[in-house]
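Trainee: Task: produce atomic coordinates for the following.
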Amino acid sequence: MAYWIKHPSELDERYQRRPTRIGLDTEFIRERTYWPQLALVQMAVGDEVLLIDPLVPGMCEALKPWLTDTSITKIMHSASEDLVAFKCACDALPRPLFDTQIGAALTGIGGGMGYQKLVAEITGTTLPKGETRSDWLKRPLSDAQLEYAADDVEYLFALHDTISERLQAKGRMQWLLDDGERLLASVERDEGEHWPHLSMRSSQFLEADAQRRLLRLLRWRDQQARHSDKPRSWILDNELANLLARTPPADYDAMLKLFGRFPKAPRKLAQPLWQALSTPLADEAEAPLALPATDGNKSALKKLQDAVSKRTAELELPEGFLASRKHLEALLESGHWPSALAGWRQQELEAPLRALLPGN
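Mentor: Next up is the predicted model:
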């Protein structure tokens, strides 16, 4: 049974009968903003599905104790973006977290599985795909929207039951909890990408000084996007950032002239952009460089990938779940163990991978 919750007192009343677990999902809009705008919260509690309107004054405050009460397990599916939405709207994160997508991978059901596919795999129920592109901020929501939203949490308890049983049988429950906490900690720190130039494939074709200029621009862009709550591409698109880094204008006037070729160039932000481009960062000398593929580093990466694939198969995990190419490239470039591979992954991989690094 689904209930539309339109007053905080309705949440407060149910919280007095604290359950041991709840299912959670959100609908949010992020098309024209940097931060997600929380538009709806779906909560499975016992036999009920609560459809909670976070636009109602006081509702996010009423949600906070549900999220922070560590005696209540929060069951979610592919929770990363939902966590950011909760942090922005409620200034709280759901702990402890049981992510059913992570659980499906750890138990060998499948890697990166969507909610609908996992529900079909475990329960045999086929869910409709409609309303994924709805405007969830409009009111009132349609019956079709409400039905779709309720479906997103209705089967979380069934997934939790099956996945928990399989995790216990494999002795991997702590692995799931560790991955959930790592995900929560990443959202909590909200540090952004420290070396964002490494995520742009085009940066590997830039010389070292140009990569450092690109790093300056991308960090500045992220700060501006956060402050103005606008998408990064609205601040400075990748093409112009790459061009400014590769062939920096001789002076401010030359940069303004260059902007004439780019209709979406950030003319109102020209002065701070020029300042960012021309001012070295305190730590840019330490920045790892994106390197073009060579026979040497391709061979080294291939050895790491083969070792990871071997261990992945031994653990009966989905390909790519144990360590991504990006993490292995970071390990090769820096020689330091990536924080994303800490915990149980490090226990499973560090010994075989260290032996394959150059110089060992």
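
Trainee: Which of the helices or strands spans Leu328?
Mentor: Secondary structure from DSSP states H and E places Leu328 in helix 325-334.

Trainee: what does Pro358 give?
Mentor: Counting by DSSP H and E, Pro358 is found in no helix or strand.

Trainee: That one - nearest residue in space that isn't next to it in sequence?
Mentor: Leaving aside its sequence neighbours, Pro358 sits nearest to Ala300 (Cβ to Cβ, 6 or more residues apart in numbering; 6.2 Å). Heads up, the C-betas are built off the backbone N, CA and C, glycines and all.

Trainee: List of residues touching the helix or strand hosting the one you found?
Mentor: Under the criterion of DSSP H and E, Ala300 resides in helix 295-314. For helix 295-314, contacts defined as Cβ atoms under 8 Å, 6 or more residues apart in numbering pick out 291, 318-319, 321-323, 325, 328-329, 331-332, 348-349, 352-353, 356-358.

Trainee: Pull the residues that contact the worst-scoring helix or strand of the chain on mean pLDDT.
Mentor: In the chain, no helix or strand scores lower on mean pLDDT, DSSP states H and E than helix 325-334, which sits at a mean of 84. Helix 325-334 has contacts (Cβ under 8 Å, 6+ apart) with 198-199, 288-289, 291, 297, 300-301, 304-305, 308, 337-338, 340-341, 353, 357-358.

Trainee: Of those, keep whichever come out buried.
Mentor: Buried by 16 or more other Cβ atoms under 10 Å: 198, 288-289, 300-301, 304, 308, 337-338, 341, 353, out of the contacts of helix 325-334.

Trainee: Present these as TSV; the columns should include distance to Arg30.
Mentor: Output for the buried ones among the contacts of helix 325-334, formatted as TSV (distance: Cβ to Cβ, whole Å):
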residue	distance to Arg30
Leu198	24
Pro288	29
Leu289	31
Ala300	38
Leu301	33
Leu304	34
Val308	32
Trp337	32
Pro338	27
Leu341	28
Leu353	36
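
Trainee: Out of those residues, which is nearest to Lys74?
Mentor: Leu341 (24.7 Å; Cβ to Cβ).

Trainee: Go ahead and confirm the closest one touches Ala323.
Mentor: Yes - Leu341 is in contact with Ala323 according to Cβ atoms under 8 Å; the separation is 5.7 Å.

Trainee: now the strands: where do they sit in the stretch 1-150 of the chain?
Mentor: With DSSP state E, counting those that start in this stretch as the definition, the stretch 1-150 of the chain shows strands at residue ranges 2-5, 21-29, 37-45, 48-52, 73-76, 97-99.

Trainee: now the ones you listed as a markdown table including distance to Val84, mean neighbour count and mean pLDDT?
Mentor: Below are the strands of the stretch 1-150 of the chain laid out as a markdown table (distance: least, Cβ to Cβ, whole Å; neighbours: other Cβ atoms under 10 Å; pLDDT from 0 to 100):
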| stretch | distance to Val84 | mean neighbour count | mean pLDDT |
| --- | --- | --- | --- |
| strand 2-5 | 22 | 16 | 94 |
| strand 21-29 | 9 | 23 | 97 |
| strand 37-45 | 10 | 23 | 97 |
| strand 48-52 | 18 | 20 | 98 |
| strand 73-76 | 13 | 24 | 98 |
| strand 97-99 | 13 | 24 | 98 |
